[in-house]
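S.K.: Provided below are the primary sequence and the corresponding predicted coordinates.
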Amino acid sequence: MRAEDLLILFEHQKDPASVELANVPARDLKAHLAHWHRVLEDETIIKRTIIVDHDVAGHVVSWEQDGQRNTGYWLGQDFWGKGIATAALAQFLEIDKTRPLHAYVSNHNTGSLRVLEKCGFTIELEDEVEKHLLLRG
């Protein structure tokens with residue numbers, strides 16, 4: 001991941017359909033850049049840009065939080081429905097071999113749920129808002 005990718009990732013994260021599916025509020029540009037510069041500087045966070053035909057399509061990351069390793073990803077809407085997220089996450093799981101690896105997905109985000117399940121994650125817990133999935137060793 002490079003600093004040059006951040007403006008494209010900013011455009012992805014402010015897309016209303018993406019925000020609704022992810023159930024994560026969009027950041028303004030200043031907050032977005034501050035967040036991602038912290039991510040880029042943190043060597044404990046594994047981060048990769050998803051590139052498709054020389055275009056920044058999204059990102060995949062993993063980080064430590066509350067004593068567990070989490071992963072997440074974001075794909076620009078132009079790249080949805082093409083198997084890109086599944087392929088990117090599968091490749092990322094070859095880089096971050098931490099197990100168990102945790103992921104969270106909004107209940108209404110069936111596409112992301114399918115991506116996680118195709119990559120071996122299973123639902124551990126579910127509430128009215130989201131599912132907690134786990135990839136075991």
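M.R.: Okay, I see it.

S.K.: Quick one: mean pLDDT for the longest strand seen in the chain?
M.R.: With secondary structure taken from DSSP state E, the chain has its longest strand at strand 55-65. Averaging pLDDT along strand 55-65 yields 98.

S.K.: Centroid-nearest residue for the protein?
M.R.: Central residue of the chain (CA atoms, centre = their mean): residue 73, 1.2 Å from the mean position.

S.K.: Okay, and the beta partners of that residue?
M.R.: Bridge pairing for residue 73 (DSSP bridges) gives the partners residue 60.

S.K.: mind listing the helices for the chain?
M.R.: Along the chain, counting by DSSP state H, helices occupy 6-13, 16-22, 29-41, 84-95, 110-118.

S.K.: burial count for residue 98?
M.R.: When neighbours are counted by other CB atoms under 10 Å, residue 98 registers 16. (C-beta placed from N, C-alpha, C; glycine too.)

S.K.: what's the distance between the nearest residue to it once chain neighbours are set aside and residue 15?
M.R.: Leaving aside its chain neighbours, residue 98 sits nearest to residue 69 (4.4 Å; criterion: CB to CB, 6 or more residues apart in numbering). As for residue 69, its distance to residue 15 is 27 Å (criterion: CB to CB, to the nearest Å).

S.K.: ok, the closest residue to residue 3 other than its chain neighbours - how many residues close by?
M.R.: Distance criterion CB to CB, 6+ apart; nearest residue to residue 3, sequence neighbours excluded, is residue 40 at 6.6 Å. A total of 15 residues lie near residue 40 under the criterion other CB under 10 Å.

S.K.: before we move on, what about residue 113?
M.R.: Count around residue 113 with other CB under 10 Å applied: 18.

S.K.: just the one 4 residues further on next, same as before
M.R.: A count of neighbours around residue 117, defined by other CB under 10 Å, yields 14.

S.K.: So it versus residue 87, what's the distance?
M.R.: For residue 117, the distance to residue 87 - CB to CB - is 15 Å.

S.K.: Hmm, residue 76 is touching residue 14, no?
M.R.: No - Residue 76 is beyond contact range of residue 14, at 10.8 Å (criterion: CB atoms under 8 Å).
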